[in-house]
Every structure is written in structure tokens, then in C-alpha cells.
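Engineer: build the 3D model from these lines:
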Amino acid sequence: MNRNKYIKLQDEGSAWTHENEPYQIMLKQFILLIRDNLPYIKPDKFLDMGCGDGWGIKEWKKYGFDVSGGDISEEKVKYAKEQGLPVEVMDIEDIKGKYTAIFCSHTLEHSQDFKKAVDSMVNALESGGRLYLVIPIEPKDPKQWNPSHTQWFSDKSVLRDYLMDKPVVIYWEESRMRDVEEYWLIVEKK
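Structural biologist: Numbers count the residues shown, from 1 in each chain. This is a model prediction of the structure:
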């Protein structure tokens, strides 16, 4: 699929987070889990990759995190900038800069190549940095009902096995249920 067609597909098919209550509930749970239950160093360079319209950035900031955002959708980035949020157009497969933490929720399944996307995020982390991933585990190919899901994870082991060959430690993982099973994963770069 060519890049323009891919970007158009993501513009049309990805959710606007300020309109998506289930995503908002999940994000609040994840933020509280990180803040209250896990040992962590508060990141000074935190990226919300796949930030959409920036709703999540506002939520992270409520809890004291200093977060910027990146998304492939120029339309959503424009909306977020109009809200005064620090966002830029960014491809998950080609992240520029270095970060102490990257949060990526319900975005990896929208990438053109999840391996390139994971490598890009891991490479963008500083040593000791953390990648917080949330991906849906879907028993049936979601492209039938959401063509913007260009990658499909039917089993969490696919992603975990790919990460095992990287210079990272899988720090924590858990599955949660909402309307779909989610795989929550924290990866720390060595």
C-alpha cells in the first residue's frame, strides 16, 4: 500500500480520542497503574506515539507527566495544536529524537510493519528508557470491520517473541478485558 493511501486510511479509520470513552477509561487506568503501582523514574522526555487528537496528552499532564505527542494524521495533529498541545506529525516507523519514555496505545496495529514500528520506538529510547505498549488481541482479523488495522495480533506471543531478540527487558505484562482483550506491556531498554 502506498504511503498516501495508508495515511488516508488512518485518517478515516482511527478513533478521535476525545470522542472515545472506552479509550479514555483505559488510559486513566494505565496512568494510575504506572503512577501508583510500578517502580519508575518520572520521564523528562515522554512521547505519546499515536496521540491522535491529543486527548491523552491532556490526561497525562493532569497527573504531572510532561508529554509531547506524535501522530501520522495531519488533521488530528492540527486539531491538537489548536488545543495548545505539543504535538507533531510523526510516523511510528521513523521516530526522530530520543525519549526517556514512549507510550503507544492502540497504535501498533495501525502501523504498516509492526516490526519496523517496534524497532523505531526501541531505538528512540534512551538507555533505561521505557516503552509502554497497549495492543488489542483480536481472535478474528479486524480489517473486516476496521481496515485501518493494518496489522493483526491474534496472540500476544508474536510481539513478546519479537521483543525477546532486542536489547530490552520485558518488565511487566498483563491482559485486560474491555470490549476487546488488551495486552499491556512495559519494555525497558538496556
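Engineer: find the least confident helix or strand in this protein, judged by mean pLDDT.
Structural biologist: Least confident helix or strand of the chain, by mean pLDDT, DSSP states H and E, is strand 168-177 with a mean of 68.
Engineer: who does the helix or strand following it pair up with?
Structural biologist: Per DSSP states H and E, the first helix or strand lying C-terminal to strand 168-177 is strand 181-189. Sheet pairing of strand 181-189 (DSSP bridges) gives strand 125-137 (antiparallel), strand 168-177 (antiparallel).
Engineer: residue 50 is nearest to which of those strands?
Structural biologist: strand 125-137 (10.1 Å; C-beta to C-beta). Placement of C-beta: from N, CA and C, glycine included.
Engineer: show me the longest helix that occurs in this structure.
Structural biologist: helix 21-37 (DSSP state H).
Engineer: could you redo the strands paired with strand 181-189 as a markdown table and give each row mean neighbour count?
Structural biologist: Below are the strands paired with strand 181-189 laid out as a markdown table (neighbours: other C-beta atoms under 10 Å):
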| stretch | mean neighbour count |
| --- | --- |
| strand 125-137 | 20 |
| strand 168-177 | 13 |
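Engineer: and those as a markdown table, adding distance to residue 64?
Structural biologist: Formatted as a markdown table, the strands paired with strand 181-189 follow (distance: least, C-beta to C-beta, whole Å):
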| stretch | distance to residue 64 |
| --- | --- |
| strand 125-137 | 16 |
| strand 168-177 | 21 |
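Engineer: wait, which of these is closest to residue 66?
Structural biologist: That would be, of the strands paired with strand 181-189 and by C-beta to C-beta, strand 125-137, which comes in at 14.5 Å.
Engineer: for the spatially most central residue of the chain, list each beta-bridge partner.
Structural biologist: Per C-alpha atoms, centre = their mean, the C-alpha nearest to the average position across the chain is that of residue 104, at 1.3 Å. Beta-bridge pairing of residue 104 under DSSP bridges involves residue 133.
Engineer: measure it to residue 133 for me?
Structural biologist: Separation of residue 104 from residue 133 (C-beta to C-beta, to the nearest Å): 5 Å.
Engineer: what of residue 127?
Structural biologist: On the measure of C-beta to C-beta, residue 127 and residue 133 end up 19 Å apart.
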